[in-house]
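>>> Compute the structure for the input listed below.
(one chain, ligands or ions: 2)
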Amino acid sequence: MHSVVCVCIMTAIIARHGSVDEQGGNAGDIVSSTLSSRSVAPDGEPLLTVSGVSKHFGGVRAVEDISLEVRRGGLTSIIGPNGAGKTSLLNIISGFYQPDTGSIRFEGRDVTGTRPSGIAALGIARTFQNIALFSGMTVLDNIMLGRHVRMRAGILSSFVYWGLAQREEVAHRARVEELIEFLELEDLRKQPTSGLAYGLRKRVELGRALALEPKLLLLDEPMGGMNQEEKEDMARFILEVNRERGTTIILIEHDMAVVMDISERVAVLDHGRKIADGTPSEIQRHPEVIHAYLGNAAQREKEAAA
Ligand SMILES: Nc1ncnc2c1ncn2[C@@H]1O[C@H](COP(=O)(O)OP(=O)(O)O)[C@@H](O)[C@H]1O
Ligand SMILES: [Mg+2]
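Ligands and ions are numbered 1, 2, ... in the order given. All right, here's what the predicted structure looks like:
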């Protein structure tokens, strides 16, 4: 009985997906107009609210009293020098780290302290700074793994309602195949990810996160270590996910050209603190940001010369 209901829910989710695509496509250029961006957030309530969050490791203040609001449908980038606390903040949002202080609200609910599996079940997916794929498995199976949170037929019910579990599997496969097509991975679907070029492995990781059909997607340096062509491909996929699929995104990225080009808002971290938060043009003119970046560049030059 349980499985019947679940298969129906799955079908409804898949059927609804088409209309999400269409709606997202009309959202238009969210960067250019504050008015139009307000009109896509019906209740004006942020999707995610981070309030006064801190995380210390011994004497290291990885994250220090950070607050951040993320609008539904938006693309927020987090930038800052290495060690600024960007990954730690993502780890707190995704439940991998428990904050020492502060709270996280998602869709109006306090989710502070929720474990990573619970956070994923709420609709928050992530990718990792260092690729985390099962290298012996194929592209298809790695992306399929991302759907496990959505698979309702457990081991026991799979035995009892074998036919239904099989139908559920078929529905999941259809969704994964659609993703593979979207990410232009058709020719590689049966290949083990170990043999793929770096940029393609990053793309498979994005696919696995998308397989969860997240409301909020957290991307930790998805373009790190990529060549220019790979970066352009990845930036295009990220934009399509945000604007056409309507998925809210938090992006950690070092490439300023990409960040300033595709973000609706940018938050800047330095030494665990948020030093600025605004539109790309506000951030580019922000004195503290300029100081943090120029300061770091000068430091690197000094180290290189030494
Ligand atoms: N699990 C951990 N244990 C100890 N120190 C950590 C841990 N995670 C992060 N840190 C420290 O917190 C600081 C911020 O790291 P991180 O969040 O990875 O920065 P970023 O992603 O901005 O480069 C660094 O000094 C890092 O060494
Ligand atoms: Mg990091």
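>>> the helices in the stretch 201-306 of the chain, which residues?
Using DSSP state H, counting those that start in this stretch, the helices of the stretch 201-306 of the chain run over residues 228-243, 256-262, 280-284, 287-305.
>>> hmm, who's touching the first one?
Meaning helix 228-243. Residues from elsewhere that reach helix 228-243, judged by Cβ atoms under 8 Å, 6 or more residues apart in numbering: 24-25, 27, 30, 73, 75, 182-183, 197-199, 202-203, 206, 210, 217, 219, 222-223, 226, 247-249, 251, 255, 258, 261-262. All C-beta atoms are positioned from the backbone trio N, CA, C, and that covers glycine.
>>> Got a quick PyMOL command for the buried subset of these?
Remark: buried members of the contacts of helix 228-243, expressed as a PyMOL selection using 16 or more other Cβ atoms under 10 Å:
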select buried, resi 24+27+30+73+75+183+199+202+203+206+210+217+219+222+223+226+247+248+249+251+255+258+262
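>>> In the stretch 101-250 of the chain, what residue lies closest to ligand 2?
In the stretch 101-250 of the chain, the residue that lies nearest ligand 2 is Q129 (4.9 Å; Cβ to the ion).
>>> my guess is that residue contacts T87, does it?
Yes - the criterion here is Cβ atoms under 8 Å, and Q129 meets it with T87 at 5.8 Å.
>>> any residues in contact with both of the two?
Common neighbours of Q129 and T87, using Cβ under 8 Å, 6+ apart, are 220, 252.
>>> Quick one: residues contacting the closest residue to R189 other than its chain neighbours.
Nearest residue to R189, sequence neighbours excluded (Cβ to Cβ, 6 or more residues apart in numbering): L140, at 4.5 Å. By Cβ under 8 Å, 6+ apart, the residues touching L140 are 176, 180, 189-190.
>>> cool, and A209?
Contact partners of A209, counting by Cβ under 8 Å, 6+ apart, are 125-127, 146, 217, 219.
>>> mind running it again at 6 Å?
A209 is in contact with 125, 127, 217, counting by Cβ atoms under 6 Å, 6 or more residues apart in numbering.
>>> Now narrow these to whatever sits close to ligand 1.
Contacts with ligand 1 within the contacts of A209, as defined by Cβ under 6 Å from any ligand atom: none are present.
>>> Make a markdown table from the residues you listed and add pLDDT to it.
Output for the contacts of A209, formatted as a markdown table (pLDDT from 0 to 100):
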| residue | pLDDT |
| --- | --- |
| A125 | 95 |
| T127 | 90 |
| L217 | 98 |
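>>> could I get those as TSV with distance to ligand 2?
Below are those laid out as TSV (distance: Cβ to the ion, whole Å):
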residue	distance to ligand 2
A125	17
T127	12
L217	17
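>>> Is it possible to get CSV of these that adds distance to V53?
Listed next are those as CSV, based on distance: Cβ to Cβ, whole Å:
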residue, distance to V53
A125, 20
T127, 21
L217, 20
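>>> Closest one of the residues you listed to G83?
The closest of the contacts of A209 to G83 turns out to be T127 (Cβ to Cβ; 20.1 Å).
>>> How many neighbouring residues does that closest one have?
Counted with other Cβ atoms under 10 Å, the neighbours of T127 add up to 23.
>>> Same check on E45?
Around E45 there are 13 residues (other Cβ under 10 Å).
>>> and it, what helix or strand is that in?
Using DSSP states H and E, E45 falls within no helix or strand.
>>> any idea how far it is from ligand 2?
29 Å (Cβ to the ion, to the nearest Å).
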